[in-house]
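Asks: what follows is a predicted structure for the sequence shown.
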Amino acid sequence: KNTSHGGNIRAPKMNKKTKNEKVEINITTSRGSLDDSLYQHRSNWYNVILPRLRSFVDAVYSIRSDDGKRYRLLMALSNENEVDAWGVLLDECQWMLDCDINYLRNR
């Protein structure tokens with residue numbers, strides 16, 4: 001059932017192993033307000049999420065267009081060197097230092 005005020009949606013899904021068995025998936029939805037005074041989702045979307053998303057996209061283009069950065073990241077990833085790989089990303093996206101990233105918590 002799908003209602004505009006929220007509710008449960010059930011969609012049958014094919015099981016990867018047998019392809020003939022159907023597995024039922026239950027998804028619960030809830031109505032929320034973008035302008036809630038506590039969470040301020042609309043404000044955070046425009047003032048936090050979109051600018052950070054744009055910054056991350058700019059970082060991707062910056063790394064792709066600079067051979068030094070690209071090779072540094074590729075070498076770090078191929079050697080499973082998390083410190084150098086995160087270093088490339090953190091150099092490009094300083095705001096990530098303020099995020100609750102598992103890598104930063106374990107340092």
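Replies: Thanks, I have it.

Asks: now do the SS call for residue 100.
Replies: coil (DSSP: H, G, I helix; E, B strand; the rest coil).

Asks: measure how buried residue 99 is and give me the count.
Replies: When counting by other C-beta atoms under 10 Å, one arrives at 9 neighbours for residue 99. Using the backbone N, CA and C atoms, a C-beta is placed for each residue, glycine as well.

Asks: what are the ranges of the helices in the chain?
Replies: 41-44, 50-65, 67-78, 82-92, 102-105 (DSSP state H).

Asks: other residues contacting the second one?
Replies: Residues lying outside helix 50-65 but in contact with it, judged by C-beta atoms under 8 Å, 6 or more residues apart in numbering, are 69, 70, 73, 88, 89, 92, 93, 95.

Asks: so how far is it off the chain centroid?
Replies: Relative to its chain's centre, helix 50-65 lies at 14 Å (C-alpha atoms, centre = their mean, to the nearest Å).

Asks: how much space between the residue nearest the centre of the chain and residue 100?
Replies: In the chain, the centroid-proximal residue (C-alpha atoms, centre = their mean) is residue 53; its distance is 9.5 Å. The spacing between residue 53 and residue 100, counted by C-beta to C-beta, to the nearest Å, is 17 Å.

Asks: before we move on, back to that, and the helices of the chain, which one's lowest on average pLDDT?
Replies: Averaging pLDDT over each of these singles out helix 102-105 as the lowest, with a mean of 78.

Asks: what sits up against that one?
Replies: Contacts of helix 102-105 (C-beta under 8 Å, 6+ apart): 82, 86, 97.

Asks: now do the contacts for residue 69.
Replies: 62, 63, 88, 92.

Asks: pretty sure the third one is in contact with residue 71, am I right?
Replies: In this case it means residue 88. No - the pair residue 88 / residue 71 is not scored as a contact, 10.1 Å apart, by C-beta atoms under 8 Å.

Asks: neighbour count: those two, which is higher?
Replies: residue 88 (21 against 11).

Asks: now for the residue nearest to that one when sequence neighbours are not counted, how many residues are close by?
Replies: Closest residue to residue 88 apart from its sequence neighbours, by C-beta to C-beta, 6 or more residues apart in numbering: residue 73 at 4.5 Å. Neighbourhood size, residue 73 [other C-beta under 10 Å]: 20.
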